[in-house]
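what's the 3D shape of this:
(one chain, ligands or ions: 2)
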Amino acid sequence: MNEEKLKQIRSFQIRHGIISRSPLVAKIIGTILEIAETDISVLITGESGTGKEVFAQALHNASKRKNNKIIAVNCAAIPESILESELFGHEKGSFTGAQAQRKGYFEMADGGTIFLDEIGEMPLSVQVKFLRVLETKEIMRVGSEQSVKIDVRIVAATNIPLEKAVAKGKFREDLFYRLNTIRLKLPPLRHRKEDIPLLADFFINSFAKQNDIDFTGMTKEAYLALMEYGWQGNVRELKNVLESVTVLERNNLVTPEIVRNYLPKDKIFSQNANLPVHTGKSPEQAEREIIYRMLLSLRSEIAEIKSLVLKKESVISQEGDFSTAIVPFSNLSNLPEINLPVATPSENRTKEEEISRLQDLSNFSVISDAEDVRPIDELIKDEIYKALRITNQNRRKASKMLGISERTLYRKIDEYEKNDK
Ligand SMILES: Nc1ncnc2c1ncn2[C@@H]1O[C@H](COP(=O)(O)OP(=O)(O)OP(=O)(O)O)[C@@H](O)[C@H]1O
Ligand SMILES: [Mg+2]
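Ligands and ions are numbered 1, 2, ... in the order given. Model prediction:
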């Protein structure tokens, strides 16, 4: 990948809050940069928690539709009986309870993007109608004979392999091919372990800032322990674990032993999974911590439920997850090309390979990049994009935050947009 392209990718990451140094992710962003301006439909696949929604939002924000809405619809969460009318709308009296005409999500997203999450769960009856919308760019409200033209970019996501759903007859093959033209395949976290320390730093700093915590720090070995874990729940799981660690271990220098206390015992390092881990804590302390942890996980569940309820309106909050976060990855645009041995699932490695890989990893300093000196202009650019993201692209608020005039901000953005082209 040439340097210019990599620079564009890093700049995209900073603008859209995507933390990664993985070449797999860089390649995906490269594709997004190619297609963002077009109207082509996109299918995002990846295990749960890999960032499908983050990428859908970034794709929308990078498109010419960014000033219009992105409407997120979870196809698995809406009962089959009402999904069609939710998507395409209905006329008054078209079914019992349809007291007034109602616009569907496609019409609400006109001019913008519709994000169809868990598309694999869309019932076959709705798939037929959806395929027709894709082909004709028209929708028909339930109970209406008349079609309505719509201009909507379609982004679909799934964490179940659609090929399998097709083979089982649960997903239409023609629809699959129609959606599959551009596919962004998000790799699981265990295939991009080099992202783990970066994400870890990002989450720790965010939680510390949000909760006014003076976090002591983590040893290099603790980062390695994080990198060795399988993260079946991907970035979401990492985020939850680090939230607990940041809050509960604020006064300790976090070691691998401490990290392991926060990981499900049956999934850590298979060779010593059965050994009891000495925590050095009294039963009372241990019990108190379990209760704290349950409270924390309850808190994050409540936060998720809250965001689901907000999404009932089905509009992804433009502020995303990063609204209150400080961004300790301001060195992102400066990241070197990847130099870590990655992307081989650990089960395929020999013991020797594993040892040499770990040695390589331990030569990798998590903080060394942060000590690099960066050109002032780059720092300014990062802060500008950060302020824009935090203020949901509100230039007036962003300029206040930055302590510059709105006109200077406009001029800068204009300059960056020209240079990024
Ligand atoms: N590259 C990334 N940088 C920063 N945060 C990320 C990144 N990828 C994911 N996240 C965070 O991880 C969490 C899970 O991401 P997201 O909701 O987009 O996953 P998903 O693939 O849609 O999951 P699911 O299939 O369960 O819906 C979110 O809090 C998101 O902000
Ligand atoms: Mg999702």
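
how about the stretch 1-150 of the chain: which residue is closest to ligand 1?
G51 (2.8 Å; CB to the nearest ligand atom). Every residue, glycine included, has its C-beta placed from N, CA and C.

tell me the phi and psi of the closest residue to ligand 2 within the stretch 51-200 of the chain?
In the stretch 51-200 of the chain, the residue that lies nearest ligand 2 is E53 (4.0 Å; CB to the ion). Backbone torsions of E53, given as degrees, to the nearest 10, read phi -70, psi -40.

after the least confident helix or strand in the chain by mean pLDDT comes which helix or strand?
Counting by mean pLDDT, DSSP states H and E, the weakest-scoring helix or strand in the chain turns out to be helix 351-362, with a mean of 46. Downstream of helix 351-362, the first helix or strand assigned by DSSP states H and E is helix 376-390.

hmm, that following helix touching ligand 1?
No: judged by CB under 6 Å from any ligand atom, helix 376-390 and ligand 1 are separated, with a smallest distance of 12.0 Å.

for E121, what are its contacts?
If a contact means CB atoms under 8 Å, 6 or more residues apart in numbering, then E121 has C75, A76 as its contacts.

so where's the stretch 151-300 of the chain shaky on pLDDT?
Within the stretch 151-300 of the chain, the set of residues satisfying pLDDT under 70 comprises 266-300.

helices along that one, start to end?
162-167, 173-179, 195-210, 220-228, 234-248, 256-261, 283-310 (DSSP state H, counting those that start in this stretch).

send the alpha carbons of the first one over as CSV?
If I follow you right, that is helix 162-167. Extracted in CSV, the C-alpha atoms of helix 162-167 (Å, rounded to 0.1, in the frame of the first residue of the first chain):
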residue,chain,number,x,y,z
LEU,A,162,-25.5,-15.7,4.4
GLU,A,163,-24.1,-18.4,2.1
LYS,A,164,-25.3,-20.9,4.7
ALA,A,165,-28.7,-19.3,5.0
VAL,A,166,-29.0,-19.5,1.2
ALA,A,167,-28.0,-23.2,1.3
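
does that helix reach ligand 1?
No: contact of helix 162-167 with ligand 1 (CB under 6 Å from any ligand atom) is absent, the minimum separation being 13.9 Å.

not counting its own residues, what contacts that helix?
With CB under 8 Å, 6+ apart, helix 162-167 has contacts from L43, T45, I119, G120, F171, R172, E173, F176, L179, N180.

V166: how many residues sit nearby?
V166 is flanked by 18 other residues according to other CB atoms under 10 Å.

S81: what secondary structure?
Using DSSP: H, G, I helix; E, B strand; the rest coil, the structure places S81 in helix.

state the distance from it to R15.
According to CB to CB, to the nearest Å, S81 and R15 sit 41 Å apart.

cheers, nothing more for now.
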